[in-house]
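*Asks:* Just need the structure, nothing else, for what follows:
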Amino acid sequence: MANENVTKRASIADFDVIIRPVITEKSVTASSEDNKYTFVVKKGANKIQIKNAIQNIYNVHVTGVNVINVPAKLLSRGTRYKGSLSAYKKAIVTIKEGETINLYAE
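*Replies:* Purely as a prediction, here's the structure:
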């Protein structure tokens, strides 16, 4: 690699892999203390695709990716209404120390 400082632009394929960030109390605490950010990702995405997408979209260096398959969950409201939450895939991305991702951009 001749020039390490060249930033790669995000492509449409990168935005297809990352669906949305997860903003919960636990994920915000992990992002501020451990540099770990949580995202909902496409079900067919692998760790390499997730790593490349995060690096291209947010211009950070990813040091690790953990992937969790969250199963579907049945819900009921009393005895009358029944439904379910869809299954999805969640990725916890660890970035290089000193870098941050601004999830609250205006």
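*Asks:* Any idea which residue is closest to the centre of this structure?
*Replies:* Closest to where the C-alpha atoms of the chain average out (C-alpha atoms, centre = their mean) is F39, at 2.1 Å.
*Asks:* Would you indicate which residues of the helix or strand where it lies are buried?
*Replies:* Using DSSP states H and E, F39 maps to strand 36-41. For strand 36-41, the neighbour count (16 or more other C-beta atoms under 10 Å) marks K36, Y37, T38, F39, V41 as buried. Just so you know, the C-beta spots here come from the backbone N, C-alpha and C atoms, and that holds for glycine as well.
*Asks:* Show the subsequent helix or strand relative to it.
*Replies:* Sequence-wise, the next helix or strand downstream of strand 36-41 (DSSP H and E) is helix 47-58.
*Asks:* And that following helix, what does it pack against?
*Replies:* helix 12-17, strand 18-21, strand 36-41, strand 62-70, strand 88-95 (3 or more C-beta pairs under 8 Å, 6 or more residues apart in numbering; DSSP states H and E).
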